[in-house]
Every structure is written in C-alpha cells, then in structure tokens.
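> When you get a sec, could you give me coordinates for this:
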Amino acid sequence: MIPDAEAIVGRYLRTHPLIVAVGASVGPGIPDRTAAPWVKLVQLNGPSDRDVDVDHIVRFMLQLDCYCGRAAQAAARDQATASLLARSVREALTSMAGVHDGAAVGNAQIVSDPRVPDTRFEPAMERRIITAIVVMHPA
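Now for the predicted structure:
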C-alpha cells in the first residue's frame, strides 16, 4: 500500500529541530490558537510513477502554508517570521531523504514558494505557500 504522505511529512516536520526552533505547529488546517506560527499541510496530488505498472512509487504534491502567527504580527515581525518558517520548512523537506514511518522518501523538489498574505484574517496574515513534490514508496 502507498504511504500516507501527509501523515509522514507532518510527523517529520513537527519534530524537526528547525521547525521546533521557530515554535511552529504543523497540521491539516488552521489551529484553534493562532498566536504562534504554524504550517498548514495539504496533499494536492499523488500520481503514480508512469514508468511502472503498479501503484508503488508516488510523486506526492504537497502544499505547505507557512503562517507567521498573531504574536509576530503584533511585534511587526510578520514577514520575517513567515520567511524564517518557510525557509526552515524548505530546509527540512530537502533533507528528508531516507526511511520514515515505513516509507522510503526521496529528495523533495520545491516547485513554488510565493508570499501570499491570507486576507481571511483581519489584518491579513503573512503567509508563504510552499508547493513541493516528495517521492515516496513503501520501504
């Protein structure tokens, strides 16, 4: 069975020293408390490798929204915090290759990293949106 990419990447990021140092949470949505920075992790796609006949090697496309948090906004550190979190997530993802939770994980490819403040918040919350492709297969 193919790996659960959201769960594997989420667990990896939650314990990665760079993410812990920023004080960010990682999950599938907006947390109940938004004072600290957070990463919203969502799988966008998961096509199989087209060169094989079995659903084994999967190129997971993940979106990681890196939010600065309310405390950084109040301290006028919103852009700097969102940037630090996004750069930390990039570093963590690109060093993830190995075996995690029963999945063999290849190097991540970052395909997009725009700065797009989230206007659902008042005032708008600083956010960087990383789109990454992470190749996985059962270990």
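> Need phi/psi at the residue lying closest to Ala108 once chain neighbours are set aside.
Closest residue to Ala108 apart from its sequence neighbours, by CB to CB, 6 or more residues apart in numbering: Leu93 at 3.9 Å. C-beta coordinates here come from the backbone N, C-alpha and C atoms, glycine included. The phi and psi values for Leu93, taken as degrees, to the nearest 10, are phi -60, psi -40.
> any idea how far Pro117 is from Leu93?
22 Å (CB to CB, to the nearest Å).
> neighbour-wise, which of the two wins?
Leu93 (24 against 17; other CB atoms under 10 Å).
> circling back to that earlier point, would you confirm that the residue nearest to Ala108 contacts Ile110?
Yes. Counting by CB atoms under 8 Å, Leu93 does reach Ile110; the two are 7.1 Å apart.
> how near is Arg128 to Met136?
From Arg128 to Met136 the distance is 24 Å (CB to CB).
> buried set for the strand ranked longest in the chain?
Longest strand of the chain, by residue count under DSSP state E: strand 127-138. For strand 127-138, a neighbour-count test (16 or more other CB atoms under 10 Å) marks 127-137 as buried.
> Dump that strand to PDB, restricted to CA.
Only the C-alpha atoms of strand 127-138 are listed here, as PDB (Å, rounded to 0.1, in the frame of the first residue of the first chain):
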ATOM      1  CA  ARG A 127       2.000  33.600   4.700                       C
ATOM      2  CA  ARG A 128       4.400  31.800   2.400                       C
ATOM      3  CA  ILE A 129       2.900  29.000   0.300                       C
ATOM      4  CA  ILE A 130       5.400  26.200  -0.500                       C
ATOM      5  CA  THR A 131       4.500  23.600  -3.100                       C
ATOM      6  CA  ALA A 132       6.700  20.600  -3.000                       C
ATOM      7  CA  ILE A 133       6.900  17.200  -4.700                       C
ATOM      8  CA  VAL A 134       8.100  14.400  -2.500                       C
ATOM      9  CA  VAL A 135       8.600  10.900  -4.000                       C
ATOM     10  CA  MET A 136       7.700   8.000  -1.700                       C
ATOM     11  CA  HIS A 137       7.200   4.300  -1.900                       C
ATOM     12  CA  PRO A 138       6.800   1.600   0.700                       C
END
